[in-house]
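**Q** Can you look at this prediction? I've put the sequence above it.
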Amino acid sequence: MKNSVLYITKEEINKIKSESKDKVFIAEIDGDKINCWEDYWIAMSKLFSFPELPAYMKPDYNSYYDIMTDLSWIDTDSIILIINKFTLFLKGEHALKDDIIKNFKDYLLPFWEEEVETTVVDGKKKSFCVYLID
């Protein structure tokens, strides 16, 4: 399957999760608890076990991108991010919500699908899908 962002149902994600079990790294966000960039950063940091940032770095978009294109500590070849209650995810931050999804579609998912092999020493492709559920 091509790395992608897809809207799916709860039933579909339950089927994917039950079929995946130990072969896939699965991270789930409760969209109704993410209201701003800081909430998103904290949730992703916990779910993906972000490394501690050096003192000179801030938890901003550049740091986020750097970390999300590393993920060397995740030892599976497949990653799933599930955003539940997507309608409520960043409800008051429409531009940020659009930017995050666009970043996955245009940069992060293509990176893991192809670019990692040519830009990272010993880089390996990963299947990476983002599922949006209401």
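**A** Yep, that arrived.
**Q** got any ranges where the protein has weak pLDDT?
**A** In the prediction, the chain carries residues with pLDDT under 70 at positions 1.
**Q** Next up, identify which helix or strand I80 is on.
**A** strand 78-84 (DSSP states H and E).
**Q** Show me what the helix or strand immediately after that strand in the chain is packed against.
**A** Using DSSP H and E, the helix or strand that follows strand 78-84 towards the C-terminus is helix 94-103. If contacts are counted by 3 or more C-beta pairs under 8 Å, 6 or more residues apart in numbering; DSSP states H and E, helix 94-103 sits against helix 37-47. In short, each C-beta sits where N, CA and C put it, glycine included.
**Q** Identify the residues contacting A43.
**A** Neighbour list for A43: 29, 33-34 [criterion: C-beta atoms under 8 Å, 6 or more residues apart in numbering].
**Q** can we see that at 6 Å?
**A** Counting by C-beta atoms under 6 Å, 6 or more residues apart in numbering, A43 makes contact with I29.
**Q** picking that back up, other SSEs contacting the strand holding I80?
**A** Applying 3 or more C-beta pairs under 6 Å, 6 or more residues apart in numbering; DSSP states H and E, we find strand 78-84 packed against strand 25-30, strand 127-132.
**Q** Tell me how far whichever strand or helix holds I13 lies from the chain's centre.
**A** Assigned by DSSP H and E, I13 belongs to helix 10-20. Centre-to-centre, helix 10-20 and its host chain are 17 Å apart (C-alpha atoms, centre = their mean, to the nearest Å).
**Q** ok, now how distant is the closest residue to T87 other than its chain neighbours from I8?
**A** Once flanking residues are discounted, T87 sits nearest to D134: 5.1 Å by C-beta to C-beta, 6 or more residues apart in numbering. Distance of D134 to I8, given as C-beta to C-beta, to the nearest Å: 10 Å.
**Q** List the beta-bridge partners for the residue nearest to the spatial centre of the chain.
**A** The centre of the chain sits closest to L81, judged by C-alpha atoms, centre = their mean, with a distance of 4.9 Å. Applying DSSP bridges to L81 gives these bridge partners: A27, V130.
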